[in-house]
Structures are given as C-alpha cells and as structure tokens.
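*Asks:* Sequence first, then the predicted structure:
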Amino acid sequence: MPIGHFLWRLLRDLAMLYLVFVGLVYLFQRKLQYFPDAASVALPYDPKYRGIETVKLTTTDGLSLFACYWPARQPVTLVILHGNAGHRGHRLDWIEDLHSLGYGVFVLDYRGYGGSEGSPTEEGLYLDSEAALEWLSRNGIRNFVYFGESLGCGVAVELASRHPPLALILQSAFSSAVDVARKAYPYLPVALLMRDRFDSKPKMTKIFCPVLFIHGGRDSIIPPALGRALYDAANEPKSWFLIPDANHNDLPWVGGEGYLEGIQRFLERHVIGTRPRD
C-alpha cells in the first residue's frame, strides 16, 4: 500500500473517531458538567446546629427540593447557592461559620442534589433559585444577600439580574461556563457543543448592587483570570478579595479568620450600614 494512501486512511479513521468522541460528549455533556450527590441530608444532632431546620419547597415545574434555613439576630439572610459537587450537608462547617457572623443562612440543594428531585440543567437551576426566593418571601423572610459558590455564582448572577438583592457575594466566580470548559477540554469545540453556558459576564453589567468577589490565587479549576473578567464587567461598588494560597474548595480554611473578616467588612459597609428594605 502506498504510504500516501495509508496516511490518508489513518487520518480519516482518526477524524471519524474524533467525531464519534465529540458526539458522545455532546450527548452526555451534563454528566461531565454536573457532579451532584443525590443522597438525602440528615442534620446532625449537635447543639451547635440548634435552630437550623430542613425545609421543602416546590418549583414551578413541579419538583420538590430541599434546603436548610438557619435564622439569626440580624435582619439579613445569606441565600447560599452552592457549588457543583456534593450537597448542602457537605458544607455545614462553612454554613456554621457564616451563621456565626450573625446573619440568617438559607442554603438550597438544586434539583438532583441532596434529596431534591430531578436532574440539573441551567434553566432548572434558575427555576430552583426562584423557588427558594418564593419560599423565603412567603415566610416573611426578606433582605437578601445572594452568596454564590463556583457553579452557584452563575445561578446567583442570574437571580440578581431578575430580583436585585441588597448585595451579592461571588466565591470562585467565572465569566461563563464555556470559558471554564475551554480550560478543562482544550481539544474540544466547547463553544459549539455546550447547552448550559451560564454566560454571566453580560448579565453582570446589568447588576447595580454591591458585589464582593472572593477567589483563590491557586484555583486549579476556575483560574483567577476568569473571576477577574467577571469583576471587570461589574458595576461599582465592587471589591476583589484574593486569598493567594487558596485553591478552589479551601478558601474558608486557608483564609481563616481573614476570610470571615473580609465578608463581615463588606456586609457592614454595604448592607448593615444601610437601612434594610421591609
């Protein structure tokens, strides 16, 4: 067989394999994008969690979701929209630290997470956040600060564009899910393939509440540059809080007391120092 013919067949076969691979990625992309833990969450019997309760809410498309609500003395509630992996039960230490600042904390498990029904999609997560806000308002709980973590930043930005909060905190944020995927899968045409894009950057220009951006300087999943791109698109007042030695999931622990102090300073300046809305 002539060498040219052999090379042509080899390239053809490789191209076919690549196209099959791309097709499989397209079909199963949400399995690659979301990593929920669907297990039900039981709150621990520990005195330090006294007052926290599990609540159930329903989305407009009929799914039952679970969340935790922990009231506090301040008339302000942090609405936690958590990151991609696990569920709310894996974040109890973090929730406890935020609650220790004196604020109410509400943490939602999206569809497919923590015993909630359904499977995650971008539009589904937006519906879930709307259901959380509806439950809070129906129960007389107002004066919200949305707190997005990683994937939850995309949800928090969308929610803030629809229902402005007192303030917005974005931890490990990104300009778009496409930008994150380009880093993880540089050999794939992700801009053509992705359904759930969480394109936060253009939405950020339409949000006018105070925003705090928290990012790890060694973030290996969402590089600081992607968080900074979203920061650059944001309106004033805004703050950039870099924790130089932190990676993606360890910001509260690497940052230590300085992490909580940075959040507290931001809230005292932009929320507690202003009159909450009734």
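*Replies:* Noted; the coordinates are in hand.
*Asks:* you'd agree residue 208 is up against residue 235?
*Replies:* Yes. Counting by CB atoms under 8 Å, residue 208 does reach residue 235; the two are 5.3 Å apart. All C-beta spots, glycine's among them, are computed from the backbone N, C-alpha and C.
*Asks:* pLDDT on stretch 249-265, on average?
*Replies:* What stretch 249-265 shows for mean pLDDT is 96.
*Asks:* What of stretch 26-37?
*Replies:* Mean predicted confidence for stretch 26-37 is 89.
*Asks:* Next: stretch 175-188.
*Replies:* If you average the pLDDT over stretch 175-188, you get 93.
*Asks:* end to end, how far does it reach?
*Replies:* The straight-line separation of the ends of stretch 175-188 (CA to CA, to the nearest Å) is 19 Å.
*Asks:* What of stretch 34-53?
*Replies:* 26 Å.
*Asks:* What of stretch 135-155?
*Replies:* 17 Å.
*Asks:* Report the buried residues of it.
*Replies:* 135-136, 141, 143-155 (16 or more other CB atoms under 10 Å).
*Asks:* okay, and for the protein, where does confidence drop off?
*Replies:* Counting by pLDDT under 70, the chain shows low-confidence ranges at 1, 4-8, 10, 13, 273-278.
*Asks:* ok, which stretches of it are strands?
*Replies:* Assigned by DSSP state E, the strands in the chain fall at 35-36, 53-58, 64-70, 77-81, 85-86, 104-109, 144-149, 167-171, 211-216, 238-243.
*Asks:* ok now the last one, how far from the chain's centre?
*Replies:* Counting by CA atoms, centre = their mean, to the nearest Å, strand 238-243 is centred 17 Å from the centre of its parent chain.
*Asks:* How about it, which residues are buried there?
*Replies:* Neighbour count says strand 238-243 has 238-239, 241, 243 buried, by 16+ other CB under 10 Å.
*Asks:* So what touches that strand?
*Replies:* The contact list for strand 238-243 (CB atoms under 8 Å, 6 or more residues apart in numbering) reads 210-217, 224, 228, 231, 251, 254-255, 258-259, 262, 266.
*Asks:* could you flag which of those residues are buried?
*Replies:* Counted by 16+ other CB under 10 Å, the contacts of strand 238-243 give 210-216, 224, 228, 231, 251, 254-255, 259, 262, 266 as buried.
*Asks:* out of these, who's nearest residue 173?
*Replies:* Nearest to residue 173 out of the buried ones among the contacts of strand 238-243 is residue 213 (CB to CB; 6.0 Å).
*Asks:* partners of that closest one in the sheet?
*Replies:* When assigned by DSSP bridges, residue 213 has beta-bridge partners residue 170, residue 240.
*Asks:* dump the residue contacts of it.
*Replies:* 170, 173, 227-228, 230-231, 234, 238-241.
*Asks:* Adding distance to residue 46, write those residues out as a markdown table.
*Replies:* As requested, those are exported to a markdown table (distance: CB to CB, whole Å):
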| residue | distance to residue 46 |
| --- | --- |
| 170 | 30 |
| 173 | 32 |
| 227 | 34 |
| 228 | 39 |
| 230 | 36 |
| 231 | 37 |
| 234 | 38 |
| 238 | 37 |
| 239 | 34 |
| 240 | 35 |
| 241 | 30 |
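*Asks:* Now for residue 205: which residues touch it?
*Replies:* With CB under 8 Å, 6+ apart, residue 205 has these contacts: 233-235.
*Asks:* For residue 167, see how far away residue 219 is.
*Replies:* Separation of residue 219 from residue 167 (CB to CB, to the nearest Å): 23 Å.
*Asks:* And residue 178, by the same measure?
*Replies:* Residue 178 is 27 Å from residue 167, by CB to CB.
*Asks:* Please apply the same query to residue 210.
*Replies:* Distance of residue 210 to residue 167, computed by CB to CB: 5 Å.
*Asks:* Now do the shared contacts for those two.
*Replies:* Common neighbours of residue 210 and residue 167 (CB under 8 Å, 6+ apart) are 266, 270-271.
*Asks:* In helices, which of those residues fall?
*Replies:* residue 266 (DSSP state H).
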